[in-house]
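> Just need the structure, nothing else, for what follows:
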Amino acid sequence: MRRLRGLLVCASVVLLGQTASAQGLAPPPPMSTGSPGSAPGSPTVEQQQQGATTRRLDEAEQQDSGRNFELFWIDGSIGGSYINMSQFSSESFQIEKASAGGPAFSLGAGARFVILVVGARLRHNALSTFNMWQLNAEAGFKIPIRSFDVLFGLHGGYSFVGRLGDAGLATNTETPASNDAVSIRGFNAGVDVAFDYYVSPLFSVGAGILGDFLFLNRPPVGLPANYATLTPDQQAAINNDPVYQRSGTSAGLQLAGGLRLGLHFGL
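This is a model prediction of the structure:
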């Protein structure tokens, strides 16, 4: 019995010692998260890069132009235009001065969907020998670059000339016709390239150029007002002149450019 009691006492002492040792264990100290040689607790290289990226984004946001989300626009332009009505072909067009240059003006309006712009434009070409009006639909992509927009677009529509001044000077005929006898109608299609600088979210200034392909038609010229008083030879010359007998067509080019001023409305 004494031997058994001694064994039990020894076993109890051993178990109590192991329990105390287990309760006295502590986890190892945390490893440093910094780079080699850095102070404990300093950010890692990855964290530093993320912080630098965040700072750059914040700076870019602060330096943003502050433009609104544009929905509608109105702009006008003033510049110059050159038109050559017989650049490619001419069939019985019989216009003495088929090319001319001069100032040009336009007014346009439309809508914008992020980078897509659509609208309509009225253009007036006040050329040296005739005035041409153009009513066009247009569409394009307007790409924002900080405070600038770069436009690449297409347009097309209807072109018309009210009259070509004195018809005797405008046409290849020796007999003068009435002043409003020569009228021209047709179609045009072309490309636009422009850029705009946003002075403010509402107002922009810029410049642009365009190139047009023209297809125009001239109806027969009306008989002169004094036809009845002309001599038989003069009347015969008029009757044989193709200007008075049939219409003429022509395909040509237009080049134009100028300054732009715009108003922009949005959210």
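> Tell me if I'm right that residue 266 and residue 111 touch.
No - checked against C-beta atoms under 8 Å, the pair residue 266 and residue 111 is beyond contact range at 10.2 Å. The way it works is simple: take the backbone N, C-alpha and C, and place the C-beta from them, glycine included.
> between those two, what contacts are shared?
Counting by C-beta atoms under 8 Å, 6 or more residues apart in numbering, the contacts common to residue 266 and residue 111 are 71, 72.
> Report the secondary structure state of residue 200.
coil (DSSP: H, G, I helix; E, B strand; the rest coil).
> Now do it against residue 147, distance only.
Using C-beta to C-beta, to the nearest Å, residue 200 is found at 10 Å from residue 147.
> So which of those two has more stuff around it?
Legend: neighbour count by other C-beta atoms under 10 Å for residue 200 and residue 147, higher for residue 147 (15 against 12).
> Show me what residue 262 is bridged to.
Residue 262 forms beta bridges with residue 75, residue 204, as assigned by DSSP bridges.
> hang on, it packs against residue 203?
Yes - with contacts counted by C-beta under 8 Å, residue 262 reaches residue 203, the gap being 7.2 Å.
> which one of these two has more residues nearby?
residue 262 (21 against 13).
> Looking at the more buried one now. What's its pLDDT?
pLDDT, residue 262: 96.
> give me every residue that touches it.
73, 74, 75, 76, 196, 203, 204, 205, 206.
> What about the fifth one, how many residues nearby?
It stands for residue 196. Other residues close to residue 196 by other C-beta under 10 Å number 24.
> same thing with the third one?
When neighbours are defined as other C-beta under 10 Å, residue 75 has 22 of them.
> That one contacts residue 260, correct?
Yes - contact criterion C-beta under 8 Å: residue 75 and residue 260 qualify, at 5.6 Å.
> hey, what's in contact with both of the two?
Shared contacts of residue 75 and residue 260, defined by C-beta under 8 Å, 6+ apart, are found at residue 204.
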